[in-house]
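*Asks:* Just a sequence and a predicted model for now, questions to come.
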Amino acid sequence: MSERTHTTYMTDKLGPLPFCPGCGHSMFIKALDKALVRLQPDPKEVVIVTDIGCIGLADRYFITNAFHGLHGRAITYACGLKLARPELTVIAIMGDGGCGIGGTHLLNVARRNIGITLLVANNFNYGMTGGQHSVTTPALGVTSTTPWGNIEYPMDLCGTTAAAGGSWVYRTTAFERELPHILAQAIDQTGFAMLEIWELCTAYYAPRNKVKKKELYELLENYNLKLGLIASNSRPEYSVQYREAYEAGKTVVKEKPKIEPGYASPVSKQTGIIIAGSAGQKIKSTATLFAQASMLSGLQATQKDDYPITVMTGHSLAEVILSADTIEYTGIDVPDFFILLSEDGLKRARTTIESLPETSVLYAEESLELPEVKAKVIKLPFLQTAKEVTGPTAAVIAMGAMLQDSGLFPVQAFEKAISTFQRSNIAEKNLKALQAGTALANPQKK
Amino acid sequence: MGLEFLEGNEAIARGAMKAQCDFFAGYPITPASSILHYMLELVPQIGGTAIQAEDEIASMGFCIAAAMAGRKALTATSGPGISLYSENVGLAIMGETPLVIVNIQRQGPATGSATKGAEGDIQFTRWVTSGGLPVIALSPATVEEAYELTYRAFNLAEQYRTPVFILASKEIGVTRESVDLDAIPLPPLVKRRKVSAGNSDLPHNFQSLRDVPAMSEFGGDHIARYTTSTHDKAAYLTTNPDVIQEMIDHYTAKIDEAADDMALVKKDKQEGAETLIISYGIISRSATVAVREARAQGARVSTLVLQTLWPVPRKAILSAMDGIKKVIVPEMNMGQYLLEIERLAPAGIEVRGINKMNTKLISPEEILKESGL
């Protein structure tokens, strides 16, 4: 609060208010000034956010901060200001037009209970653009876009806001004598407050439909809409809830372990490995461990994954590149090693598998029926072995077998990666799987 | 110090946090969603706010307002989301709002292929909003650059008071690489210049057109005004053509005239080379391999990799074209930055694009073949 007492929050620097004679906007804006005078906030701590439309001309007539944004988005700016600086008093002013184009923001601010004040000047049409119909134009209302009378049912702004969880919702008219008091009440709410003010647009809607004060009140009756408080349910404001939820739910963030090379690798040329299988086979996480293990062995690595958007079904494929030097091109045009674990993987990568050259090695689950390939094929019982080890361990078994055979880097590095980067219960199983995988490989060597 | 195996999206989030980003709003979209996840976890740890908005329009609305209320704001999306950001980008330019916008590009148009890479939003970024005023856009080629350029984007946003785009792609955002982020040298953090108490409260105060005004923030020492309407230095609506032109000249000059100052490029000029490959983003890595192989075969070829795409690093491009007869521009789109190179190339230089937009990377072999190296 500033020390000084403000007798007005408006400036006459820009002359009188620019609205048409008899327009409800003038009555509303003057009442808003009176409301601020009652509340005596520091103008520096108040932001008036306006939408597009005639009412969007209002912000600059105040000595407070002013934010005039895009059509329909006033609520988003008001929320951004409030989220950034919860101590500010943020008043958003928009028309019925803004409630149409920005309807989702209205629903969501009410739902979230972000502590802004939303003042809707509802005059049933778009005054600034030539009197077109809006979401609140009454049935049969004549506008420039409903020349035979409006056939769209009008939206009950207060009812809609209340249904979305609005914590303080109130309907009034620009003719209401207590308007400054009601406005002050709205601004004073801690949570989200929405005040709908029914008005006359004396340029378009009122003359076209012969609506004056009396007819305006009749409209309320016709639609069975009541004036006054529509909803009032106090619940914590969003920023308060956000901080509380974070404090209550935060876990001590452990710094992820870094990778410290301690093994050596004979890999000299860039080596591409593809592993293809099904969702649930831990293809991606195993490929990541394999890459991390290569990094423990002083190599550079990249990994790209491919899977359908429905992540728990269909194929899962990972591409890993290992290199002693910086990896520039991250595509694998010809994989050096291909590990195939399931029918889904085969289906996805059939073309790649069929075109594998003699220099490539294909490790395939032995139960799969493979197409004819030029590559060296090694069929092993990965799935059966995984069953024996238990758990989704086929990928570790297969990569372990390939690693044992190829000697790309020491198996110990893979062990280290598993025990460093996985939770102990999972690591335990994967270490067993790795052992089983290396035992499957090249048994005559041992 | 330490090696990690990170995807580009995490590096972007970490780069933002390194730049003290304390506000994030975004809407889920593949392949950018993990940035939203990382920021929701990281931002509240430093007392900031991160929120999943109801849509992309709200994301930008939240970010613009938060930035004008003293926060360092980030938002992240993919091409379809940029379409929805468009109108608010214009507002951010007009309001001189520092803000970083990440685009993890995917195959378009429209919904396109959500999980497939492309770099098809290059000219879209330049002309992203009505009125056509300049923007700043940086294009990382690696996970490390995603970190570094995001950090730098925050600096540029503050330095020039404007939205800055990170034009990454699926190929960087969700590809993991071996990185040591702590080993990346970074410039000092640019602090926001604010209008101090007692000084002029003009929200857009400049003397020469190139000046970048100090910020007048909501909740600061002065009354702040911000408007989407054509306005003067005081952010009051104006219809005076001279004032309007002066403001437009200011928005343009502060970016375009600083193009060479802010240009980030990597050049590798070979003596006697008559062929130059100009590339950016993920395809610059194919170009690097192609150049290495061509040189190993005895060919002479120069290369220029652009990290700054907008404003066009004119001087660097012109200097790279010195003595060159043929310029090759490989892009994962149908020829977008090619237009800029064609525009700048002196008469007599042949400019050729290598263009592919089938979700696959352009390989080094394709570059070698298409460019006749």
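*Replies:* Yep, it's here. Residues are numbered from 1 along each chain as shown, chains lettered A, B, ... in the order given.
*Asks:* going forward, measure contacts and count neighbours with C-alpha atoms only.
*Replies:* Will do.
*Asks:* ok, for the residue of the stretch 251-400 of chain A found nearest chain B, nearest residue in space, not its chain neighbours?
*Replies:* Nearest residue of the stretch 251-400 of chain A to chain B: A:T302, at 4.4 Å (C-alpha to the nearest C-alpha). In space, and not counting its chain neighbours, A:T302 is closest to B:E177: 4.4 Å by C-alpha to C-alpha, 6 or more residues apart in numbering or on different chains.
*Asks:* do A:E354 as well
*Replies:* That would be A:V373: by C-alpha to C-alpha, 6+ apart, it lies 5.4 Å from A:E354.
*Asks:* I figured the one you found was touching A:L356, is that so?
*Replies:* Yes. Judged on C-alpha atoms under 8 Å, A:V373 makes contact with A:L356 at a distance of 6.7 Å.
*Asks:* Those two: who's more crowded?
*Replies:* Remark: of A:V373 and A:L356, A:L356 carries more neighbours, 21 against 14, as counted by other C-alpha atoms under 10 Å in any protein chain shown.
*Asks:* Give the burial count for the residue in the stretch 1-150 of chain B positioned nearest to chain A, as a bare number.
*Replies:* Nearest to chain A, among the residues of the stretch 1-150 of chain B, is B:F62, at 3.8 Å (C-alpha to the nearest C-alpha). Other residues near B:F62 number 30, with proximity taken as other C-alpha under 10 Å.
*Asks:* Quick one: list the elements packing against the helix or strand harbouring it.
*Replies:* Using DSSP states H and E, B:F62 sits within helix B:56-68. Under the contact definition 3 or more C-alpha pairs under 8 Å, 6 or more residues apart in numbering or on different chains; DSSP states H and E, helix B:56-68 sits against helix A:74-84, strand B:23-26, strand B:73-77, helix B:79-94, strand B:99-105.
*Asks:* of all the ones you listed, which lies closest to A:G228?
*Replies:* With C-alpha to C-alpha as the measure, helix A:74-84 is the member of those nearest A:G228 (22.5 Å).
*Asks:* after that closest one comes which helix or strand?
*Replies:* Next in sequence after helix A:74-84, counting helices and strands by DSSP H and E, comes strand A:89-95.
*Asks:* and the chain, what are its domains?
*Replies:* This is for chain A. A:24-245, A:271-445 (automatic domain parsing).
*Asks:* wait, I meant chain B there
*Replies:* If you go by automatic domain parsing, chain B breaks into B:4-183, B:265-370.
*Asks:* Now do the last one, average pLDDT.
*Replies:* Computed over domain B:265-370, the mean pLDDT rounds to 97.
*Asks:* hmm, that domain touching chain A?
*Replies:* Yes. Counting by C-alpha under 8 Å from any C-alpha of the partner chain, chain A is contacted by domain B:265-370 at B:285-286, B:288-289, B:361, B:363-364.
*Asks:* Make CSV from those and add distance to A:E178, neighbour count and secondary structure to it.
*Replies:* CSV is the format used below for the residues of domain B:265-370 next to chain A (distance: C-alpha to C-alpha, whole Å; neighbours: other C-alpha atoms under 10 Å in any protein chain shown; DSSP: H, G, I helix; E, B strand; the rest coil):
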residue, distance to A:E178, neighbour count, secondary structure
B:R285, 69, 22, helix
B:S286, 71, 25, helix
B:T288, 73, 21, helix
B:V289, 75, 19, helix
B:L361, 67, 22, coil
B:S363, 73, 21, coil
B:P364, 75, 24, helix
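*Asks:* Run through the stretch 101-250 of chain B and note the low-pLDDT ranges.
*Replies:* The model of the stretch 101-250 of chain B has pLDDT under 70 over residues B:199.
*Asks:* circling back to that earlier point, can you pull the alpha-carbon coordinates of the helix holding B:F62 into PDB?
*Replies:* Only the C-alpha atoms of helix B:56-68 are listed here, as PDB (Å, rounded to 0.1, in the frame of the first residue of the first chain):
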ATOM      1  CA  GLU B  56       0.200 -23.600 -26.900                       C
ATOM      2  CA  ILE B  57      -1.400 -20.200 -27.000                       C
ATOM      3  CA  ALA B  58      -1.700 -20.100 -23.200                       C
ATOM      4  CA  SER B  59       1.900 -21.400 -22.900                       C
ATOM      5  CA  MET B  60       3.100 -18.300 -24.800                       C
ATOM      6  CA  GLY B  61       0.700 -16.000 -23.000                       C
ATOM      7  CA  PHE B  62       2.000 -17.200 -19.600                       C
ATOM      8  CA  CYS B  63       5.700 -16.900 -20.700                       C
ATOM      9  CA  ILE B  64       5.300 -13.400 -22.200                       C
ATOM     10  CA  ALA B  65       3.600 -12.100 -19.100                       C
ATOM     11  CA  ALA B  66       6.100 -13.800 -16.700                       C
ATOM     12  CA  ALA B  67       9.000 -12.500 -18.700                       C
ATOM     13  CA  MET B  68       7.600  -9.000 -18.400                       C
END
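*Asks:* just so I have it, where are all the helices in the stretch 151-300 of chain A?
*Replies:* A:157-163, A:179-188, A:205-209, A:213-222, A:238-249, A:283-296 (DSSP state H, counting those that start in this stretch).
*Asks:* Can you say which of these is packed in most?
*Replies:* Among the helices of the stretch 151-300 of chain A, helix A:283-296 has the highest mean neighbour count (mean count of other C-alpha atoms under 10 Å in any protein chain shown), at a mean of 26.
*Asks:* Show me what the mean pLDDT comes to for it.
*Replies:* 98.
*Asks:* and A:V169, what is it in contact with?
*Replies:* Contacts here follow C-alpha atoms under 8 Å, 6 or more residues apart in numbering or on different chains; on that basis A:V169 touches A:158, A:161-162, A:193-195, A:229-232.
*Asks:* Throw the residues you listed into TSV and include distance to A:L431 and pLDDT, thanks.
*Replies:* Putting the contacts of A:V169 into TSV (distance: C-alpha to C-alpha, whole Å; pLDDT from 0 to 100) gives the following:
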residue	distance to A:L431	pLDDT
A:C158	62	98
A:T161	56	98
A:A162	57	98
A:A193	58	98
A:M194	60	98
A:L195	64	98
A:L229	66	98
A:I230	63	98
A:A231	60	97
A:S232	59	97
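*Asks:* Most neighbours among those, which one is it?
*Replies:* Counting neighbours by other C-alpha under 10 Å, the top entry in the contacts of A:V169 is A:M194, with 31 neighbours.
*Asks:* how close does it get to chain B?
*Replies:* For A:M194, the distance to chain B equals 19 Å [C-alpha to the nearest C-alpha, to the nearest Å].
*Asks:* For that residue, give the beta-bridge partners.
*Replies:* Going by DSSP bridges, A:M194 is paired in beta bridges with A:L118, A:V169.
*Asks:* isn't it right next to A:G115, touching?
*Replies:* No. With contacts counted by C-alpha under 8 Å, A:M194 stays clear of A:G115, the gap being 10.3 Å.
*Asks:* so where's the stretch 301-446 of chain A uncertain?
*Replies:* A:443-446.
*Asks:* what about the helices in it?
*Replies:* A:343-354, A:382-389, A:394-406, A:411-421, A:424-440.
*Asks:* Would you tell me which helix is longest in chain B?
*Replies:* helix B:143-160 (DSSP state H).
*Asks:* Show residues contacting stretch A:176-194.
*Replies:* Contacts for stretch A:176-194 (C-alpha under 8 Å, 6+ apart): A:28, A:31-36, A:38-39, A:89, A:91, A:109-110, A:113-120, A:158, A:161, A:166-170, A:172-173, A:195, A:234-238.
*Asks:* swap the cut-off to 7 Å and go again
*Replies:* By C-alpha atoms under 7 Å, 6 or more residues apart in numbering or on different chains, the surrounding residues in contact with stretch A:176-194 are A:31-32, A:34-36, A:39, A:110, A:113-119, A:166-170, A:195, A:236-237.
*Asks:* Repeat that for stretch A:393-413.
*Replies:* A:263-267, A:281-283, A:286, A:293-294, A:296-297, A:382-383, A:386, A:430, A:433-434, A:436-438, A:440-442.
*Asks:* Among those, name the buried ones.
*Replies:* A:263-265, A:267, A:281-283, A:286, A:293-294, A:296-297, A:382-383, A:386, A:430, A:433-434, A:436-438, A:440-441 (16 or more other C-alpha atoms under 10 Å in any protein chain shown).
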